[in-house]
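Trainee: here are the coordinates; sequence isn't available:
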């Protein structure tokens, strides 16, 4: 077994932190799954976690870990597809496998990889992968009684013993699993040793996400700003005193006070920026692991790639940084595997042998834009459409009615893949689902640009921070709501007579697009206050790859607002993401465009 | 603070003095443990929150914190009444979360000894959930219903106020 030959210690730390976090959640999720085996959301989440662990360990070269994770993933995949049914036996084996993964990870954490018995656990997973898996389930159940006769390994565990006979019922794997069984008496004690260790591993989790390292200079700047704020406060007290004593004339007071207001405004916004900056990290932290991934993937795939990275100094909130790693890996993997062609294909197509992959980050207003661009094949919409129909994700009629953009969106469907066979790299149809889920969580948008033969570009638009947002204040029959500006694409003033009705759904023709409309008044049950007016405003919002128009009475304006939680009792109101306090002290609710879009989709799907 | 609950089965704390804030609701007088009450404020402007149970009036800004406002009358299924000068919001600590309750009027803080708390009579038809009545206090002239806020909301409600 090779020692850890990791070039970059930080890379390794990142991997460990991420994996530890995933594993932590995995345990809970798996237990929950056993109780609610028909929860597909949960199933997908578990699957994604294992998938991510596998992907990360594969590029770091932890072969043992990859092997275990891969087989576990295979079993989970069958569960997900409904080819197997969740029962306690499968869960036992999966949990054992996750324990093994934990053990291996804690080995890596400890700094030395030890020789571990993985064949045993893997051989337990294998029966569930054979074609006659249901038979294997039955077999292992019936054999569970048998070892008592043997008189071997009785005290240890009947399930361990049962695995081998089950495996021999699946002939292909019999070879690997039989040898340990033959020496059962000696091997068993060794095997019994790991589990307690792995529980130790669970305890000493390294999660240092709660502390922040801040540049001393920034701290000094902050202190200066606070000093100024104190000055302004004193000034305010002074002005108030003068006013109380009545020895000021109105003009003087007006002038003084307006000056003070301006300075206060300036100081507080500076202060806000400073604090925000402390939470900022350069996107480099995520980007720097990509060259390695790209290199090793290029080698595996036999492709030649030139990776160019721009704007790695762009800063964004740490909460965002933590979340974009996964989606970016999947997008890069996607570009490498599906986008770029092999050198020979490229030459045949009249392009240079070496493909180009551009990863760029840039600030734009209150957003950060990350783009992953390749000069490969582009998205073959015909093939994508065909595959989607083949996989039963949509019908021929649905496909025929689709626009180019909707075709692109198909690749985000869970379970979608154009690959015939799943490999270490891709093909399970999880990756893009991860992308979509994470970006949605961050209130971001994904845009796809692609041209056949020219390449494709995935553009992620993410908010800079999650605590203070730019928002568009709108009025709905007298009530003020705030819509995150990051989701707002445009606003229009429209005559309601231009609305069309398709299957009970109001829509608006907007250039080449048919925009579904949602009346905030209706979904928020706002009482009608004004006389019916022909004109209203439509706020076009987008979440990930979907667009929708929100119908409101009036636009109030743009404002930077601090997000306030509504508390646990009101946390799950559909369509409401939170609240904020306006300048006049009133509470305004923040609309959740993502949730609204989902709910509309859900309704139309039913 | 959580331990300072009104003793429901007040065996060992029979003689202990308890302080209650008493308030009025539709002619009746109620009491809650003073330690649960954070503050009592006048009616501010309440922002309505859509798709919530009928008894959630909305949310208010309590010095930078957004807290939900519950109408006690609506929660207990009493007749609705207009807000007047006496109407108050009692900001209370329910299971670690601040929440405002609209009551008709807040009268006073009273001291009673634990022995004065009687189990509530098994009323057949009562609008108020028997669950959240911790007992009644029968003092010479007055009858006080003692509320247990922690039991005010059902398990489902505690998971989130969402009306479907």
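Mentor: The structure has been received and is ready for your questions. Predicted model, so just to flag it, every value in this text is computed and none were measured.

Trainee: before we move on, what SS does the residue sitting furthest away from the middle of chain A have?
Mentor: With distances taken as C-alpha atoms, centre = their mean, the residue sitting farthest from the centre of chain A turns out to be residue A:247, at 61.2 Å. For residue A:247, the assignment made with DSSP: H, G, I helix; E, B strand; the rest coil gives coil.

Trainee: where are the low-confidence patches of the chain?
Mentor: Just going to use chain A. By pLDDT under 70, the low-scoring segments of chain A are A:1-8, A:28, A:35, A:113, A:131-213, A:365-366, A:418-430, A:464-467, A:543-545, A:601-606.

Trainee: looking at chain B here, not the other one
Mentor: Counting by pLDDT under 70, chain B has low-confidence residues at B:1-15, B:122-130, B:155-156, B:158-164.

Trainee: could you pull out the helices for chain B?
Mentor: Secondary structure of chain B (DSSP state H): helices at B:72-75, B:155-159.

Trainee: what's around residue B:63, how many residues?
Mentor: By the other C-beta atoms under 10 Å in any protein chain shown criterion, the neighbourhood of residue B:63 contains 8 residues. Just so you know, the C-beta spots here come from the backbone N, C-alpha and C atoms, and that holds for glycine as well.

Trainee: Can you name the residues that contact it?
Mentor: Under the criterion of C-beta atoms under 8 Å, 6 or more residues apart in numbering or on different chains, the contact list for residue B:63 is empty.

Trainee: for chain B, what are the nearby residues on the stretch 451-600 of chain A?
Mentor: Proximity of the stretch 451-600 of chain A to chain B is assessed by C-beta under 8 Å from any C-beta of the partner chain, with A:479, A:523-526, A:564-576, A:579, A:581, A:585-589 identified as the residues in range.

Trainee: Counting neighbours, which of those end up buried?
Mentor: A:479, A:523-524, A:526, A:564, A:566-567, A:569-570, A:573, A:575-576, A:579, A:581, A:587-589 (16 or more other C-beta atoms under 10 Å in any protein chain shown).

Trainee: Can you list the neighbours in contact with the strand or helix carrying residue A:362?
Mentor: Counting by DSSP states H and E, the secondary-structure element that holds residue A:362 is strand A:355-364. Where contact means C-beta under 8 Å, 6+ apart, the residues beyond strand A:355-364 that reach it are A:283, A:287, A:290, A:294, A:303-312, A:314, A:328, A:332, A:335-336, A:340-341, A:346, A:368-376, A:461, A:464.

Trainee: Show me what the closest residue to residue B:137 other than its chain neighbours bridges to in the sheet.
Mentor: Once flanking residues are discounted, residue B:137 sits nearest to residue B:144: 4.1 Å by C-beta to C-beta, 6 or more residues apart in numbering or on different chains. On DSSP bridges, the residues paired with residue B:144 through beta bridges are residue B:29, residue B:137.

Trainee: circling back: so which of the contacts of strand A:355-364 belong to helices?
Mentor: Taking DSSP H, the ones among these that sit in helices are A:287, A:290, A:294, A:328, A:332, A:346.

Trainee: Out of these, who's the most crowded?
Mentor: residue A:328 (24 neighbours).

Trainee: Please give the number of neighbouring residues around the spatially closest residue to that one that is not a sequence neighbour.
Mentor: When the adjacent residues along the chain are set aside, residue A:328 lies closest to residue A:286, with 6.3 Å between them (C-beta to C-beta, 6+ apart). Other residues within reach of residue A:286, judged by other C-beta under 10 Å, total 24.

Trainee: Narrow the contacts of strand A:355-364 to those that are buried.
Mentor: If we count by 16+ other C-beta under 10 Å, these have these buried: A:283, A:287, A:290, A:294, A:303, A:305, A:307, A:309, A:311-312, A:314, A:328, A:332, A:335-336, A:340-341, A:346, A:368-376, A:461, A:464.

Trainee: So which of those residues are in strands?
Mentor: For the buried ones among the contacts of strand A:355-364, the ones inside strands are A:305, A:307, A:309, A:368, A:369, A:370, A:371, A:372, A:373, A:374, A:461, with DSSP state E as the criterion.
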